[in-house]
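A.B. asks: Test case, fold it:
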Amino acid sequence: MGREESPRPSSRSRLPAWFRQPFPKGQTGERVRRLLRSLCLHTVCEGARCPNRGACWQDAAAAFLLLGPTCTRHCRFCAVEHAEGRPLPPPEADEPMRLAQAVRAMALRHVVLTSVTRDDLPDGGASHFAATIHVLRRELPSLRIEVLAPDFQGDRQALNLVLEARPDIFNHNLETVARLQPVVRPQADYARSLAVLRHAAGQGGWVKSGLMLGMGETEAELHRALQDLRRAGVRLLSLGQYLAPSAAHHPVDRFVPPDEFSRWRQTALDLGFHSVAAAPHVRSSYHAQDLLPPAETAE
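C.D. replies: Model (predicted):
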């Protein structure tokens, strides 16, 4: 698969024309911001400094960040605040109901629930994920629920707590190719992430994962990662451009052109993925509702 040459970023480089997008105008985004503040809810949109947050909030959409804004891990690609060894507060028992209030107020039909990684909790926060799913099912029966879960350190019992709550889509991101995992995700593990996805796929339902491009991966490495995800039973896939949150994070190796994303999308479909979102602005939760049409159910 040929690779078009694209500019290599430096500390002074600007985003390519294909990546720039105008900031959306209107009042909806501000209303969403005020609603989230009033309910003391966190979003990955803000925590991870997502470049799409303005567009999502203008569309009255958000990816909710459970278990607080602070992570126990320190991944080199991620802007979410990390604990640096200090103790974190326990899960808030009323967070699921507050989240249900927000979902109702925003008139969402598809919600994405993710979280910081909480290795300090006995079950990694799995029971809180499950409790949130149960509350949403009770309060909003027609809502489609997607979870973007951490790896729970490979704990099958914790993972089963989430799966038994029956989310419509279970997502766990592989993030990058095997060679770059120790550099980019030093507290995670490539094989462990694949095992999480394989176990989830074995329980039925839709399983999703995502990769960031432009971190320094080769084409052969990326193709192998796609093959590994399909063998693990993943059927929904997101591919997007990596952006370094700061100079202290893993550097951007290159900006991947849109036509290359299109070629990778076709490659993934040829490998047997059911649906693939692949473009520079794609993120796991950005337009997540479009990856699986409402009428689709898992076989």
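A.B. asks: Can you list phi and psi of the closest residue to D168 other than its chain neighbours for me?
C.D. replies: Leaving aside its sequence neighbours, D168 sits nearest to R144 (C-beta to C-beta, 6 or more residues apart in numbering; 4.7 Å). To be clear about C-beta, it is placed using only N, CA and C from the backbone, and glycine gets the same treatment. With angles defined as degrees, to the nearest 10, R144 sits at phi -90, psi 130.
A.B. asks: For R144, the count of nearby residues, please.
C.D. replies: Using other C-beta atoms under 10 Å, R144 is surrounded by 19 other residues.
A.B. asks: Over to E217?
C.D. replies: E217: 22 neighbours (other C-beta under 10 Å).
A.B. asks: measure it to A277 for me?
C.D. replies: 18 Å (C-beta to C-beta, to the nearest Å).
A.B. asks: what's the answer for R230, then?
C.D. replies: In terms of C-beta to C-beta, R230 sits 16 Å off from A277.
A.B. asks: Of these two, give the one with the bigger neighbour count.
C.D. replies: Per other C-beta under 10 Å, whichever of R230 and A277 has more neighbours is A277, with 23 against 15.
A.B. asks: Please confirm that that one is located within a strand.
C.D. replies: Yes - counting by DSSP: H, G, I helix; E, B strand; the rest coil, A277 is located in a strand.
A.B. asks: That one against Q289, yeah?
C.D. replies: No - at 11.0 Å, A277 does not count as touching Q289 under the criterion of C-beta atoms under 8 Å.
A.B. asks: outside of the helix or strand harbouring V183, which residues touch it?
C.D. replies: For V183, the host element (DSSP states H and E) is helix 181-184. Contacts with helix 181-184, where a contact means C-beta atoms under 8 Å, 6 or more residues apart in numbering, come from 75-77, 175-176, 188-190, 215, 250.
A.B. asks: next helix or strand past it?
C.D. replies: By DSSP H and E, the next helix or strand past helix 181-184 is helix 190-202.
A.B. asks: Mind listing what's buried along the helix or strand just after that next one?
C.D. replies: Next in sequence after helix 190-202, counting helices and strands by DSSP H and E, comes strand 206-213. Buried residues in strand 206-213, defined by neighbour count with 16 or more other C-beta atoms under 10 Å: 206-213.
A.B. asks: what's the closest of those residues to N171?
C.D. replies: K208 (4.0 Å; C-beta to C-beta).
A.B. asks: Pull the contacting residues for that closest one.
C.D. replies: Applying C-beta under 8 Å, 6+ apart, we find K208 in contact with 146, 169-172, 234-238, 284, 291.
A.B. asks: again, only this time at 10 Å
C.D. replies: Contact analysis of K208 by C-beta atoms under 10 Å, 6 or more residues apart in numbering lists 146-148, 169-173, 197, 200, 229, 234-238, 273-275, 277, 284, 288, 291-292.
A.B. asks: which of the residues you listed count as buried?
C.D. replies: 146-148, 169-173, 197, 200, 229, 234-238, 273-275, 277, 284, 288, 291-292.
A.B. asks: Touching, L121 and A158? I think so.
C.D. replies: Yes - in this structure, L121 is within contact of A158 by C-beta atoms under 10 Å, at 9.1 Å.
A.B. asks: Need the overlap of contacts for those two.
C.D. replies: With C-beta under 10 Å, 6+ apart, L121 and A158 have common neighbours 127, 152.
A.B. asks: one step back: so which of the contacts of K208 sit within helices?
C.D. replies: 197, 200, 229 (DSSP state H).
A.B. asks: So R235 is in contact with F273, correct?
C.D. replies: Yes - if you go by C-beta under 10 Å, R235 and F273 touch, sitting 6.0 Å apart.
A.B. asks: Give me the common contacts of those two.
C.D. replies: Shared contacts of R235 and F273 (C-beta under 10 Å, 6+ apart): 208-209, 229.
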